[in-house]
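1. how would this look folded up:
(2 chains)
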Amino acid sequence: MSASQQDLYPDKLWVETPLIRSPHLSSHLQAEVYLKLETLQPTQSFKYRGITHYAQHALRTYGPDVHLVIASSGNAGIAAASAAKILKLRCTVFLPHGVSQSTIDYMRKEGAQIVIEGNYYLQARQAAQKAVDADPKAVMVPGYDDPLLWEGHASLVYEVQQQLPAGTKPDAIFCSFGGGGLAGGIIVGCKAVGWDDVPLVTVETHGSNCFYQSLSMNDGPFVGDVASRPIPNGTTAERNTQHGVTVAHLASLTSKATSLGASSPSAAVVKMALEREGGVRSVCISDEMAMQAALNFAEDHKMLVELACSATIAPAYKRNVFDKLVPSTGKVPTVVLVLCGGFKVSLDDMEEWRRTVAADIATGGEWEVAYNGETFTTPKTE
Amino acid sequence: MSTLNQEETLYHEKLWLETPLIRSIHISSLLQCNVYLKLDTLQPAQSFKYRGISHFAQHAKRTHGPDVHLIIASGGNAGLAAACAANVLKVRCTVYLPHGVNQSTIDFLRKEGAEVVIEGNYYLEALQGARKAVEAEANAIMIPAYDDPVVWEGHASMVYEIKRQLPEGTKPDAIFCSVGGGGLAGGIMDGCKAVGWDDVPLVTVETHGSNCFYQSLSLNDGPFAGDVASRPVPEGTRPEHCTEHNVTVAHLATLKSKATSLGASSPSAVVVRKALNRKGGVRSICIPDEMAMQAVLNFAEDHKTLVELACSATIAPAYKPSLFSKLVPESRSNKPATVVLIVCGGFKISLDNLEEYRRIVAADLAEGGDWEVAYNGELLTTAKAE
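-> Next comes the predicted model:
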């Protein structure tokens, strides 16, 4: 039996988002496909859950003078700014150069101070760290690697359990994986509601797949054994003794799904994924496949989502991929796609993706999909 | 009976969703108001129509039994709502469409299990086909598009939700909605009356090329400037006096707007009467298609949601601060106003449409000048550029 959400999160700032059944995907897959619409959080992404939770904890622990500092070129920064505004706390967001004006405007609308420093995220992160070190009232809001974040994100699982038809247990939950904050929250939430055995499908892109690469470095669901699985050029393996796992550090991220952009995942989340009863089904897809999914989703559901988000939906638009990830059991499966949301998508992006996908389809061939150490292909056209 | 009890009693078997009411940071900061969006885009069938139509369908099943055959003539959202409701209730549904309705609409209807009959070249011909079918079959019932109290009762549910969802004790300074035939407006007015909001101003939005409600108000004593006799009846419009409701309604010969989901050549006479009677009055406005198109584009960038023109018409005034302050003078006071925009939804919008709108708006802006907005019998202008 699941605990009452009201008791666990009495002062929550996030909203219970709709879980809607997609008639399009359900009929396409002969499944019951539900979409958890984190796009509808106040700052348009799931980050609002964990980050407001963290901010409230910071307020309780350090008092109303606490200064929230975060390095983020996107959704985490917006969430932190919004949380700080509601809780009447000071907030400074460190951004690298090149962040879009609409994102900066959004953070300003939420009352945050903005500092633009450095050309890459890591440099903005360093500047943020310096600011935290120099200010006794400052705390760094973590991006994805913190139990408080996971506790906040986990709330979405409680909601899903209440929102599905009574007594329904999903045959799989799909989510995107950047640094692992969302996946960590889903794993923690599943455990709490008795769903530790529910399969979790994590989706990344080929050019931003630190989690997939990390799983590859450990004994786990990947085929073969660790020794036989090569480490890609540019990746270093780092043993994390605290959690007893090896994590990958990627030298560069080449994907256009920039909101996934973590060069290494949370070691704790890698550990949780390897230990959970329902396991993890780690998938990597091409940017173009994510773009096509974003375009299809916009036509079907009238919503614009970032590539980091459409990556979650992409397998559902490809029958052969879906059938491998959720093998048929004879009964109609129920799957939940967690639409993580994100503000960083525009109509111009959609136009660019349309052109990119069309050009890619014109080159012929199929798209490669990596799944737990094996690769297969899926047709580019519908 | 308390409002909560009333809501429970009326809607305890409801098929529709309680949709989110979200505060728009983008529009709120633009207007220095608290602007809330009621996102009925998220209903099954993707529009508010699911409320009233599923309510009607349930009522029909209760009254006529499980063999009831629901029939509707619609090229769009009403048809889809009927199909979805019939699917859930496991009753038969046939949608009559005129030729020319696009394949994706037909596919969507079929996915929901409806039978589709394509008849006639215009909506009116499809409607005649539907009526004939209803007359010929004992089990068949026509689902009304907008002119029915049961449909309004279903739509009214959104007002109960809004009251609960706004910060405790908040009464809106205005509610904005689009008007096609008046079903949505009828539901909102009934809902407002039920929850003690009869005095809340209602701003109804149409387009110049599809404004049967505005023209109807003009034909009656009411909020319009001047008197009826001094207000000219546009060419192509035929006034018709409805004695039962003591109100004159306009019948428009043609509809020229691209906001085709508004497409009613005459409004519900009852809804016109309700609008004239209510305490909070009605502020009826008409905007150009281009202004609605610009709002579609802005809303897509701000809220990552695609809406039809018939829907963006509601949001368009909120993207024009000086026009907005004329429509909602309450917003000029020291205390920030609270405004609710009903985002009615609709599935007839595509990325191709948005590209087309972008081109049209750019060309229109290049011509210079301002956009004309009609408001309760007077003409205002608003700047085209942001």
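
2. so where do the strands sit in the stretch 201-350 of chain A?
-> A:235-240, A:245-250, A:280-285, A:334-339 (DSSP state E, counting those that start in this stretch).

3. can I get the ones you listed in JSON lines including distance to A:Val223 and mean pLDDT?
-> Just so you know, the C-beta spots here come from the backbone N, C-alpha and C atoms, and that holds for glycine as well. Formatted as JSON lines, the strands of the stretch 201-350 of chain A follow (distance: least, C-beta to C-beta, whole Å; pLDDT from 0 to 100):
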{"stretch": "strand A:235-240", "distance to A:Val223": "19", "mean pLDDT": "97"}
{"stretch": "strand A:245-250", "distance to A:Val223": "17", "mean pLDDT": "96"}
{"stretch": "strand A:280-285", "distance to A:Val223": "12", "mean pLDDT": "98"}
{"stretch": "strand A:334-339", "distance to A:Val223": "23", "mean pLDDT": "98"}
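
4. quick one: which of those strands is nearest chain B?
-> Nearest to chain B among these is strand A:334-339 (10.9 Å), distances taken as C-beta to the nearest C-beta.

5. just how off-centre is that closest one within its chain?
-> Mean-position distance between strand A:334-339 and its chain equals 13 Å (C-alpha atoms, centre = their mean, to the nearest Å).

6. got it, and stretch B:114-132?
-> The answer for stretch B:114-132 is 22 Å, by C-alpha atoms, centre = their mean.

7. okay, now the unreliable bits of the stretch 151-300 of chain B?
-> Applying pLDDT under 70 to the stretch 151-300 of chain B flags no residue at all.

8. ok, and what's touching stretch B:196-206?
-> With contacts defined as C-beta atoms under 8 Å, 6 or more residues apart in numbering or on different chains, stretch B:196-206 is touched by B:3, B:159, B:163, B:171-179, B:185, B:188-189, B:191-192, B:212-214, B:262, B:275, B:278-287, B:313-314, B:316-317, B:327-328, B:330.

9. also stretch B:118-126?
-> B:Ala73, B:Gly75, B:Tyr96, B:Leu97, B:Pro98, B:His99, B:Gly100, B:Val101, B:Ile106, B:Gln128, B:Gly129, B:Gly263.

10. state the distance from A:Ser263 to chain B.
-> Taking C-beta to the nearest C-beta, to the nearest Å as the measure, A:Ser263 falls 27 Å from chain B.

11. meant to ask about A:Ala316
-> 16 Å.

12. ok, so of the contacts of stretch B:118-126, who is nearest A:Gly220?
-> Of all these, B:Ile106 has the smallest distance to A:Gly220: 47.5 Å, by C-beta to C-beta.

13. what helix or strand is the closest residue to that closest one other than its chain neighbours on?
-> Nearest non-adjacent residue to B:Ile106, counting by C-beta to C-beta, 6 or more residues apart in numbering or on different chains: B:Val116, 5.6 Å away. Per DSSP states H and E: B:Val116 is located in strand B:115-118.

14. tell me which of the contacts of stretch B:196-206 fall in strands.
-> Among the contacts of stretch B:196-206, the ones falling in strands (DSSP state E) are B:Ala174, B:Ile175, B:Phe176, B:Cys177, B:Ser178, B:Val282, B:Arg283, B:Ser284, B:Ile285, B:Cys286, B:Ile287.

15. give me the domain ranges for chain A.
-> Domain segmentation of chain A under automatic domain parsing yields A:3-45+A:148-379, A:47-145.

16. near chain B at all, the last one?
-> Right, the one you point to is domain A:47-145. Yes. On the criterion C-beta under 8 Å from any C-beta of the partner chain, domain A:47-145 is in touch with chain B at A:Ser82, A:Ser102, A:Tyr106, A:Lys109, A:Glu110.

17. which other helices and strands contact whatever helix or strand the first one lives in?
-> Translated: A:Ser82. Using DSSP H and E, A:Ser82 maps to helix A:75-87. Counting contacts by 3 or more C-beta pairs under 8 Å, 6 or more residues apart in numbering or on different chains; DSSP states H and E, helix A:75-87 is packed against helix A:47-62, strand A:67-71, strand A:90-95, helix A:101-109.

18. hey, which of these is tucked in deepest?
-> strand A:67-71 (a mean of 26; mean count of other C-beta atoms under 10 Å in any protein chain shown).
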